[in-house]
Every structure is written in structure tokens, then in C-alpha cells.
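# need coordinates for the below:
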Amino acid sequence: MEQKTAFPRLVGDIGGTNARFAICESADTPPSHVAALKGEEFPTLQAAMRSYLDRLGLPQPRNCAIGIANPVDGDHLQMTNHTWGFSIEAVRQEFGFDRFVVVNDFVALALALPALKPSELKPVGGGTAVPGATLGLVGAGTGLGVASLAFTRKGEAVAVGGEGGHVSLAPATAEEAAVIASLQRRFGHASAERAVSGPGLVNLYQALGEVRQQAAPLQEPAAVLSAAMGGADVLAAAALDMFCAFLGSVAGNLALTVAARGGLYIGGGIVPRMGEAFARSPFRERFEAKGRFQGYLSQIPCWVIDAQQSPALLGASRALDAA
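From the prediction side, this is the model:
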């Protein structure tokens with residue numbers, strides 16, 4: 001039991017682009033010494049962790065937990081959207097940790113949901129959360145993450161991860177069907193992540209250009225997002241609208257699947273950058289567009305997570321206690 005509650009702790013939030021690290025000094029204080037490292041600048045997770053600890057200049061914590069953008073099944077992990085691969089036990093031994101816990105990054109984020117402050121949540125549409133009901137979580141970044149948070153009768157939080165980002169994408173309009181057909185020709189399987197992620201936004205933009213027979217020269221997610229938000233690029237704006245519509249469909253599917261009457265949370269790095277424009281997007285309409293269950297979904301509140309510090313860092317610490 002002492003190992004599970006020992007502080008300080010090294011915690012991490014490892015995505016396909018950035019690796020964030022911090023120190024948790026206690027259960028009652030937010031993570032400190034937060035640093036974000038570019039994953040591409042380090043050959044391995046261990047090298048990134050060592051760089052952070054060396055810069056920190058403090059005694060190395062005895063316990064560590066990280067959330068990582070990847071399925072966690074067994075000892076060896078090979079990241080889907082990054083080159084890093086490692087053995088959990090080998091890393092534990094290399095750093096001399098008493099305990100080293102690795103969970104999916106959206107499991108870590110789900111564990112942090114109850115600790116989010118109202119100022120860190122931006123509502124999208126109406127609805128009222130049912131106390132004690134399951135929470136749903138979806139988020140677009142380098143990939144598309146999905147998780148949920150359920151509660152026992154004693155009020156204990158249980159995070160349930162999954163790979164819902166790889167479910168098949170479904171169209172709601174003829175143009176969406178044509179775009180999905182383009183994605184299928186390119187990738188074989190048109191998963192939700194192929195459209196609802198940073199690279200997915202570029203995929204949508206290029207596929208929509210093919211369907212509309214228009215030039216689609218932009219190659220980077222940030223460029224497409226900027227062009228769309230600027231209002232002058234009609235094709236980029238249409239791609240972003242489709243992105244939000246698909247995200248709404250995926251989020252509505254998740255809310256129905258897990259009965260997320262406690263609310264649906266939207267994480268990831270893309271949606272918060274849209275600001276108030278997201279509330280005017282097709283997201284909420286598509287979230288509720290489930291035929292006979294439109295009324296059910298209209299009662300579920302949705303929030304965009306807009307926090308200065310990655311909540312998954314705190315969630316990683318909570319995963320250490322739950323493991």
C-alpha cells in the first residue's frame with residue numbers, strides 16, 4: 001500500500017507529437033515542473049524521460065506512471081503514431097522505479113475528468129448531467145482517442161479504455177459518402193481516425209478537393225485549420241465543418257454505447273483551438289442526430305476540455321493508485 005501512495009511521483013502524458021512530464025508532490029496538489037518535449041527530437045521514450053529528469057535537477061522519484069497514445073496490452077508497446085517502442089519492465093528496471101504504470105492516454109484523461117474546474121470546461125449545447133452516471137470522452141489530436149469513466153456504488157471511479165478511434169466511419173450525406181469512398185480508396189479502411197484527427201483534417205480537405213474537383217494544396221493540419229478559421233478558404237472551411245460533423249457522429253455513438261448521461265467530454269488538441277466557432281459547428285446537431293434517440297442525446301451535456309495544463313498528468317497519477 002505504501003508504494004501506491006508514495007510521493008513524489010514522475011508522471012507523463014505521451015502523445016504522437018508531444019511528450020509531457022511533471023512531478024506530483026502529493027495527492028492534493030496539481031502536478032508541478034511541467035515540461036513538454038517534442039517526441040521527434042528523442043530516439044526513445046527513455047531518452048525523453050532522462051532529458052526531463054536531467055533538466056529538473058531533483059532526486060528521481062521512486063514511482064512513475066504515464067498515459068500513452070497507444071493500446072496497452074502486455075509488456076511491450078509499439079506506438080501507432082510514433083516510432084517509440086519499449087518494454088514496460090525494462091524501463092522500470094533501467095530507471096530503478098519501485099512501480100512503473102502505463103495506461104492509455106485517454107484512460108489517464110478519463111481519470112482526471114472529475115477534477116476539472118468549471119473554468120476548464122466550455123459547454124456545447126444544452127443538457128444536464130446525471131450525478132453518478134457514466135462519463136464519455138473523445139478527443140482528436142495526432143490520433144482519435146476514446147474512453148469512458150464509470151462509477152461503482154461506493155463512488156469509486158473506473159476508467160474504461162478502448163480503440164474507438166478505429167471504428168468505421170459512416171456518412172450522413174451524399175458528399176460525405178463520396179469523401180469516405182475516397183478515403184477507402186486511399187487507406188482501405190476509412191476509420192473515424194482517418195477523418196477526425198490532425199492528419200484526418202488534411203485527409204478530409206484533400207478528399208473533399210477530389211470530390212469537388214478543386215485544388216487542395218495544403219499539407220499540414222495547422223495550415224488547414226488556419227485557412228478554415230480565416231474564412232477565405234472555402235474548401236478548408238468545408239473540410240473543418242465535415243470534421244466537426246464526423247466528430248459529432250462519433251461522440252453520439254459513444255454516448256449511446258456507454259450511456260454517458262454524466263456528460264460527454266471532448267479532449268485533444270484540435271477542438272480547443274477552434275474557440276467559440278466550435279459551438280456554431282455541426283457538432284451538436286450531429287451528436288443528437290440518432291433518430292428515435294435524439295431526445296435521449298439532447299439531454300446529455302457536452303463540454304470541450306480547455307485546460308492550460310494537461311489533465312492527463314493528474315490522471316496518470318491516479319492510475320498509479322488504481323493499479
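
# wasn't Ser148 part of a strand?
Yes. Checked against DSSP: H, G, I helix; E, B strand; the rest coil, Ser148 lies within a strand.

# show me the contacts for it.
Counting by C-beta atoms under 8 Å, 6 or more residues apart in numbering, Ser148 touches 110, 134-137, 159-160, 162, 254, 258, 260. The way it works is simple: take the backbone N, C-alpha and C, and place the C-beta from them, glycine included.

# find the centremost residue of this structure, please.
The residue lying closest to the centre of the chain (C-alpha atoms, centre = their mean) is Gly139, at 3.7 Å.

# which strands border whichever strand or helix holds that residue, and is each parallel or antiparallel?
Per DSSP states H and E: Gly139 is located in strand 135-140. Looking at strand 135-140 with DSSP bridges, its partner strands are strand 144-151 (antiparallel), strand 264-267 (parallel).

# ok so, going back, most surrounded residue in the contacts of Ser148?
Most neighbours among the contacts of Ser148, by other C-beta atoms under 10 Å: Ala110, with 33 neighbours.

# so that residue: helix, strand or coil?
Taking three-state DSSP as the rule, one finds Ala110 in the helix state.

# where does confidence bottom out across the contacts of Ser148?
Lowest pLDDT of the contacts of Ser148: Gly162, 89.

# correct me if wrong: that residue contacts Ala147.
Yes. At 6.6 Å, Gly162 counts as touching Ala147 under the criterion of C-beta atoms under 8 Å.

# identify each buried residue in the top helix by length along the chain, please.
Counting residues, the longest helix found in the chain (DSSP state H) is helix 234-258. Buried residues in helix 234-258, defined by neighbour count with 16 or more other C-beta atoms under 10 Å: 235-255, 258.

# same thing with stretch 26-35?
Buried residues in stretch 26-35, counted by 16+ other C-beta under 10 Å: 31, 33-34.

# and of those residues, the nearest to Ile180?
For the buried residues of stretch 26-35, the closest approach to Ile180 (C-beta to C-beta) belongs to Val34, at 39.0 Å.

# I'd like to know how far the closest one sits from Pro311.
12 Å (C-beta to C-beta, to the nearest Å).

# tell me how far the residue of the chain most remote from its centre lies from Gly85.
Distance to the chain centre peaks in the chain at Gln213, reaching 32.6 Å (criterion: C-alpha atoms, centre = their mean). The gap separating Gln213 from Gly85 is 42 Å, by C-beta to C-beta.

# for Gly74, find the nearest of the strands paired with strand 135-140.
Gly74 sits nearest to strand 144-151 of all the strands paired with strand 135-140, at 19.2 Å, using C-beta to C-beta.

# now whichever helix or strand comes after that closest one, how far from the centre of its chain.
Per DSSP H and E, the first helix or strand lying C-terminal to strand 144-151 is strand 157-161. Taking C-alpha atoms, centre = their mean, to the nearest Å, the mean C-alpha location of strand 157-161 is offset from the chain mean by 15 Å.

# what of stretch 36-50?
Counting by C-alpha atoms, centre = their mean, stretch 36-50 is centred 20 Å from the centre of its parent chain.

# quick one: buried residues of it?
Those would be 37, 39, 42, 45, 48-49, for stretch 36-50 by 16+ other C-beta under 10 Å.

# so which of these is the closest to Cys64?
Of all the buried residues of stretch 36-50, Met49 has the smallest distance to Cys64: 8.1 Å, by C-beta to C-beta.

# quick check: that closest one touching Phe21?
Yes. Counting by C-beta under 8 Å, Phe21 is a contact partner of Met49 at 6.9 Å.

# okay, and the common contacts of those two?
Residues touching both Met49 and Phe21 (C-beta under 8 Å, 6+ apart) are 10, 12.

# in contact with Asp233, which residues?
By C-beta under 8 Å, 6+ apart, Asp233 lies in contact with Ala227.

# dihedrals phi and psi, it?
Dihedral pair for Asp233: phi -100, psi 100, per degrees, to the nearest 10.

# measure it to Leu135 for me?
In terms of C-beta to C-beta, Asp233 sits 36 Å off from Leu135.
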